[in-house]
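> coords please:
(chains A and B)
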Amino acid sequence: MDDLRKLLGERVKCLRKRLALTQKDLAKSAGFPTHQVISEIERGGRDVKAWELTRLASALRTDINHLLNAVQPQTDRVLWRDNQEQGVELAEAAFLSWCDQYYQLEKMLDVTPPRKMPSHQLDPQTATFTDVRRMASDIVKTLDLGSRPASSLIAVLEGDYGVKIKYEDLANTGSAASVAGEFGLGILMHRSQAPWRRNFSFAHELFHLVTRDSIEQDQMHDNPQLQAWVEKLAESFAADLLLPEDVLIAEFDAILEDDKISYGDLISLARNFDTSTSALIWRLVNCKRFSTKEADRILKDPAFRAADRSTMAGKWSEPAPLSERFVRLAFRAFKKERVSRSRLAQLLGTSLFDLDSFLSDFGLQEADAYEAEATAT
Amino acid sequence: MLTKPKLLLLDADIVIGAHQYGVWENLLDAADIAVAETVARTEAQFYSKEAAGIPVEINLPRLIEEGRVTELSASLEDIASISSIFDGNNRVELHPGEMESLALLYSNNADGRLFCTADAVAIQAAAMLGMSEQAIALEKVLTNTGLQHSLSHQYTDEYFQRLIRKGQERRMMGEGVPH
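So this is what the prediction gives:
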């Protein structure tokens, strides 16, 4: 018993430090009256009750099995886009724990992604924007993203390659993050940003996922200059991927009248590709259709900005935190009697009371008729 | 003559179900009810008589304070033991409240109570731990206490027995605690 207490204490301390929490922070977050309680638990000098263990696990962004058995999923470093260095540890730990839960459901149901994410060799020290453009073009073809990559990207990443996608409010942390681990690949996305910015972030994170084997992450972490350069390459890749040159130029040239394009047509073109107007305009600079000076002028013109803003509301949407794939997978595990109903509610971030209405929002129901089976030939 | 299952350990679904069917108060009078601490503090909090209806508070902590419901707490060691059994190859996903209830039962710290649950995984888990005889369906509890009520399928003894058999089969295959 004492050994178990000591082991638990060590794990609590280790996880707390990894999350950069003080004993006071953890006590508050887990609902304990004072930080002395945490101190006693970490020293192995206090019996921890089951419900306290649940609260501790939740505050440490893990689950009780991991807390008791010291099994933490093996992962690479989480790569952040626009990282603000605030609350990174908590957001990462919650995301990694969720990726692991997702993976456990996949294992339980024997689900494997239909395709394996390609890996591209790219030496960041010598890579050029041309290399990245070529790579983006390859990826559009390999992933079969079509002429409007933004409209298919998320479904392809999730459905074909099993990328685990979670949406969170990351306002003070960063706009997106990606990671590879024993659970596969994962992308954490800031939920409350414009859909076209999210698309750009997805394409940016895809760059990191396909170059994960050739860009040494620890080396990048220790070298801010290299990191900044790789981020530039990722930005360039995202623009190249979402706005394929041949398709974009053909459509842009078709709209031109006397070498001119109206602001309205420019904005429509951006919406058509599900990208921001600034991404489109800089891509057109890149494709030699605008000069840098003209691009600057357009983007600073109040009339353009007002027209751009006026079209945003119609396309604005905020995704649910959990993807439909995850919800359906968890529900399937429940229907296969591998996950209890209470645990299903916990996995879906809801309560037993609200579970039925949560499921019905996804068109799922517990009724037995749902279990009727069809036989394939 | 009715046999009263005097000592019961209830799962959150049963607490909520008994409230929905309006038999909770009668059940409290007819049997000695206990819940695991995690169920009392984090799970069984609201119920509603109709789907998506207005939530009504259950407030188990108040009933515990009044001495009408007993709260049982599993030790760290008991939880660790259950966690290690159902982790890895036997992996079934249980809620911490269900894990604590099963831990109390498995470590003989449930004061000889019968575990009443309607959850397919929890019922199988009880059988996988070799505790089929220590678990009971809500329908049987109500019949034994003279509180017969028409219940949805998951609360019936038929449903319960099917899952007990399934859990026993899994135990025979070496899942859970092999004999």
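> drop to CA atoms for contacts and neighbour counts, all remaining ones
Noted.
> tell me the SS of the residue nearest to A:Ala20 when sequence neighbours are not counted?
Using CA to CA, 6 or more residues apart in numbering or on different chains and skipping residues adjacent in sequence, the residue nearest A:Ala20 is A:Glu89, 7.0 Å away. In the three-state summary, A:Glu89 is assigned as helix, counting by DSSP: H, G, I helix; E, B strand; the rest coil.
> and the pLDDT for A:Glu89?
In this prediction, A:Glu89 carries a pLDDT score of 87.
> that one and chain B: what is the separation?
Per CA to the nearest CA, to the nearest Å, A:Glu89 is found 25 Å from chain B.
> ok, that residue touching A:Leu21?
No: look at A:Glu89 against A:Leu21 with CA atoms under 8 Å: they stay out of range, at 9.2 Å.
> show me where chain B has strands.
Assigned strands in chain B, in chain order: B:7-10, B:32-36, B:46-47, B:56-57, B:70-72, B:114-116, B:135-136 (criterion: DSSP state E).
> now do the stretch 51-200 of chain A
Per DSSP state E, counting those that start in this stretch, the stretch 51-200 of chain A has strands spanning A:79-81, A:164-168, A:176-181, A:184-190. These are given in chain order.
> deepest of those, which one?
Per-residue neighbour counts averaged over each of the strands of the stretch 51-200 of chain A give the maximum for strand A:184-190, namely a mean of 25 (mean count of other CA atoms under 10 Å in any protein chain shown).
> need the strands of chain B in JSON lines with distance to chain A, can you?
Converted to JSON lines, the strands of chain B look like this (distance: least, CA to the nearest CA, whole Å):
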{"stretch": "strand B:7-10", "distance to chain A": "14"}
{"stretch": "strand B:32-36", "distance to chain A": "9"}
{"stretch": "strand B:46-47", "distance to chain A": "6"}
{"stretch": "strand B:56-57", "distance to chain A": "10"}
{"stretch": "strand B:70-72", "distance to chain A": "10"}
{"stretch": "strand B:114-116", "distance to chain A": "14"}
{"stretch": "strand B:135-136", "distance to chain A": "16"}
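> per-stretch mean pLDDT over the ones you listed, give me the minimum one.
By mean pLDDT, the lowest-scoring of those turns out to be strand B:46-47, with a mean of 70.
> out of the strands of chain B, deepest packed?
Of those, strand B:114-116 is the most buried (mean count of other CA under 10 Å), at a mean of 26.
> re the thing from before, can you put the strands of chain B in JSON lines and add distance to A:Arg332?
What follows is the strands of chain B, written out as JSON lines (distance: least, CA to CA, whole Å):
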{"stretch": "strand B:7-10", "distance to A:Arg332": "26"}
{"stretch": "strand B:32-36", "distance to A:Arg332": "28"}
{"stretch": "strand B:46-47", "distance to A:Arg332": "25"}
{"stretch": "strand B:56-57", "distance to A:Arg332": "29"}
{"stretch": "strand B:70-72", "distance to A:Arg332": "32"}
{"stretch": "strand B:114-116", "distance to A:Arg332": "24"}
{"stretch": "strand B:135-136", "distance to A:Arg332": "26"}
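> of these, which approaches A:Asp138 most closely?
Comparison of the strands of chain B against A:Asp138 by CA to CA identifies strand B:46-47 as nearest, at 53.7 Å.
> which ones are touching A:Arg61?
Taking CA atoms under 8 Å, 6 or more residues apart in numbering or on different chains as the criterion, A:Arg61 is in contact with A:90, A:93-94, A:97.
> from those, which single one is nearest chain B?
Distance to chain B across the contacts of A:Arg61 (CA to the nearest CA) is lowest for A:Ser97, with 14.6 Å.
> what residues does chain B put near chain A?
Chain B has residues B:13, B:37-38, B:41-44, B:46-48, B:51-52, B:55, B:73-77, B:79-80, B:83-84, B:87, B:91-97, B:100, B:119-122 near chain A, with proximity defined as CA under 8 Å from any CA of the partner chain.
> and those residues, which of them are in helices?
Restricting those to those inside helices, with DSSP state H as the criterion, leaves B:13, B:37-38, B:76-77, B:79-80, B:83-84, B:96-97, B:100, B:120-122.
> of those, buried ones?
When neighbours are counted using 16 or more other CA atoms under 10 Å in any protein chain shown, these contain these buried positions: B:13, B:37-38, B:76-77, B:79-80, B:83, B:96-97, B:100, B:120-122.
> can I get those in CSV with distance to A:Leu347 and pLDDT?
CSV is the format used below for these (distance: CA to CA, whole Å; pLDDT from 0 to 100):
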residue, distance to A:Leu347, pLDDT
B:Asp13, 16, 86
B:Glu37, 20, 92
B:Thr38, 17, 90
B:Leu76, 23, 90
B:Glu77, 25, 90
B:Ile79, 20, 91
B:Ala80, 21, 90
B:Ser83, 17, 87
B:Pro96, 12, 90
B:Gly97, 14, 91
B:Glu100, 18, 94
B:Ala120, 17, 93
B:Val121, 15, 93
B:Ala122, 16, 94
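> tell me the SS of A:Arg212?
Taking three-state DSSP as the rule, one finds A:Arg212 in the coil state.
> what about the residue of the stretch 1-150 of chain A found nearest chain B, how many residues nearby?
Of the residues in the stretch 1-150 of chain A, the one nearest chain B is A:Trp51, at a distance of 4.6 Å by CA to the nearest CA. Neighbouring residues of A:Trp51 were enumerated by other CA atoms under 10 Å in any protein chain shown; the total is 21.
> isn't it right next to B:Glu43, touching?
No: taking CA under 8 Å as the definition, A:Trp51 is not a contact partner of B:Glu43, at 10.5 Å.
> what touches both of those two?
B:Gly97.
> closest to A:Leu266 out of the buried ones among the ones in helices among the residues of chain B next to chain A?
After measuring those against A:Leu266 - CA to CA - the closest member comes out as B:Pro96, at 54.7 Å.
> which ones are touching that closest one?
By CA under 8 Å, 6+ apart, the residues touching B:Pro96 are A:50-51, A:54, A:64, A:343, B:38.
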